[in-house]
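*Asks:* Kindly generate the corresponding structure for this input.
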Amino acid sequence: MMSGAMHDEMDYQLRSTLVKIALPLLVITGASVASMQLSKRKGIPLKDFGFAWPKMTVLGLWLGLWIVWMVLTEMAIPVLGLEQAKPWANFSPLIIVLRIVAIGVLGPMSEELLVRGVLFTAISKRVGSLGAIGICAVVWAMAHYRYGWGTVVLIALDGVFLGAARFHSRSIVPPIIMHMIGNLFSIYQSLQG
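*Replies:* Okay, the predicted model is just below:
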């Protein structure tokens with residue numbers, strides 16, 4: 001039988017994990033609605049928001065480049081003294097699965113749809129594609145302010161890479177998958193720690 005303190009901790013973990021699922025679902029819904037509204041009002045085709053499947057060769061190229069980038073950054077993190085993935089607390093299997101869904105799948109989908117979908121499309125007409133890649137990378141990195149500055153800079157560089165994939169592929173799919181791979185690898189590291 002579970003003690004009151006253990007029950008309260010499990011309750012807290014479940015509630016906080018459900019919030020980690022609910023927030024990205026809200027962002028995914030909001031970004032999708034915003035894309036449709038902008039498409040209707042401004043006459044922007046939905047494919048301009050990245051809602052198109054890329055060529056498999058292009059997708060493969062960006063996924064390969066991303067893996068090389070991840071290897072290089074993983075080698076640089078300890079050398080630069082940047083924050084490592086923190087071990088996860090002693091979560092139940094249910095909480096682990098829900099957190100993987102929230103952080104490894106829904107989080108990347110929501111962030112990419114919002115930043116490199118809606119924001120990229122909305123500002124690229126004004127500042128050009130290169131400007132949009134840079135602005136999106138900075139906005140995305142600043143949303144991760146809770147990490148140290150070195151890590152935020154690395155996240156901004158990741159954002160430039162994700163933005164370049166979005167621009168080159170004309171699709172939001174490569175950056176979503178790339179972001180998922182990065183987050184899932186970080187989760188793997190946390191589970192090993």
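*Asks:* what's the offset of the helix ranked longest in the chain from the middle of its chain?
*Replies:* Longest among the helix segments of the chain by residue count, using DSSP state H, is helix 4-42. Centroid separation between helix 4-42 and its chain, computed with Cα atoms, centre = their mean, to the nearest Å, is 14 Å.
*Asks:* ok, now stretch 122-140?
*Replies:* 17 Å.
*Asks:* hey, C-alpha coordinates of that stretch in CSV?
*Replies:* Coordinates of each C-alpha in stretch 122-140 appear next as CSV, following Å, rounded to 0.1, in the frame of the first residue of the first chain:
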residue,chain,number,x,y,z
ALA,A,122,4.3,35.2,-41.5
ILE,A,123,7.6,37.0,-41.4
SER,A,124,9.4,35.6,-44.5
LYS,A,125,7.4,37.8,-46.8
ARG,A,126,8.7,40.9,-44.9
VAL,A,127,12.3,39.9,-44.0
GLY,A,128,13.1,37.2,-46.6
SER,A,129,13.9,33.6,-45.9
LEU,A,130,17.3,34.2,-44.4
GLY,A,131,15.9,36.8,-42.0
ALA,A,132,13.0,34.5,-41.1
ILE,A,133,15.4,31.7,-40.4
GLY,A,134,17.5,33.9,-38.1
ILE,A,135,14.5,35.5,-36.3
CYS,A,136,12.8,32.2,-35.8
ALA,A,137,16.0,30.7,-34.4
VAL,A,138,16.4,33.6,-31.9
VAL,A,139,12.7,33.5,-30.8
TRP,A,140,12.9,29.8,-30.4
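*Asks:* what comes up buried for that stretch?
*Replies:* Of the residues in stretch 122-140, those scored as buried under the neighbour-count criterion (16 or more other Cβ atoms under 10 Å) are 122-124, 129, 132-137, 140. Just so you know, the C-beta spots here come from the backbone N, C-alpha and C atoms, and that holds for glycine as well.
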